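# Next input, structure requested:
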Amino acid sequence: MTLPSHPLATDNRQAAALIPPDDIEARSFVIIDGEIPEPRPFTGHAWEIARRLVHASGDISLPGDLYLPEDAVRRGVRALRRGCSIFTDTRMASSGIPTRRLTPLNCSVRCLLDLPGVADKARSDNITRARAAMLLAGEALADSIVAIGNAPTALLTLLELLDEGLPEPALIIGMPVGFVNAAESKELLVHSGHPCLALRGRKGGSPLAAAAVNALAVIADRKQ
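Residues are numbered from 1 along each chain as shown. Model prediction:
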């Protein structure tokens, strides 16, 4: 049986495989700019973040659901330039923030699930590990960037702690994905008054939370 030929010829496949990584990213951004023409829903640094999130998701409809206030973007950039800690709700998100982006800024990233005692607290209190981790983190979150891409429970617990007087993080990135409390938790965040970037609705995920931090780090490293 003869298999149908692929529309991407062998020579083209080989050429595509040899494109340098930075060129792939740059070409992707050019394509995104072309497919989302001006006037865009965001400008300046907020558009840089939106574009990187589109790049990470492959979804050009994403900007319509993004909440990226300029003041929150500035707070995130300033925090990174101060060398803040970054906390994530999953190891996938922390793995998606490379040290090459954090080292020049003297920042560190840690998954909240790796805090000592998380599993024991979740078991003893009959709560999710995401909630247990946030409860154990407590005041360590002050002036940090908290990036949540998976667990609505983590975001809801953080908002609960803030209502109880927990010192505020420098920035909350709220992008949990799913069908149970994901959209609701992000609406609560957007209307909470706390500095935040968010992706409204059911979409989200650890790669997008990491992409938002990466976009902020790229901006912060420019020193402008």
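# use CA for all of it now, contacts and neighbours both
Fine.
# And the helices in the chain, which stretches?
For the chain, the helices defined by DSSP state H cover 10-17, 21-35, 44-57, 70-81, 91-95, 99-102, 118-125, 129-137, 152-163, 182-190, 206-221.
# Which among these is found nearest to Cys196?
With CA to CA as the criterion, Cys196 lies closest to helix 70-81 of the helices of the chain, at 5.7 Å.
# That closest one packs against which elements?
The criterion is 3 or more CA pairs under 8 Å, 6 or more residues apart in numbering; DSSP states H and E, and the helices and strands that helix 70-81 contacts are helix 44-57, strand 171-174, strand 196-199, helix 206-221.
# pLDDT on the second one, on average?
This means strand 171-174. Mean per-residue pLDDT for strand 171-174: 98.
# Other residues contacting it?
By CA atoms under 8 Å, 6 or more residues apart in numbering, the residues outside strand 171-174 that reach it are 72, 75-76, 143-149, 155, 186, 189, 194-199, 209, 212.
# repeat for the longest one
Applying CA under 8 Å, 6+ apart, the set of residues contacting helix 206-221 from outside is 45, 48-49, 52-53, 56-57, 73, 76-78, 80-81, 90, 92-94, 96-97, 101-102, 104-105, 147-150, 173-176.
# Any of the residues you listed buried? List them.
45, 48-49, 52-53, 57, 73, 76-78, 80-81, 90, 92-94, 96-97, 101-102, 105, 147-150, 173-176 (16 or more other CA atoms under 10 Å).
# Any stretches of this structure with poor pLDDT?
For the chain, residues meeting the criterion pLDDT under 70 lie at 1-22, 223-224.
# Relative to Leu199, how far out is Leu189?
Distance, Leu189 to Leu199, by CA to CA, to the nearest Å: 10 Å.
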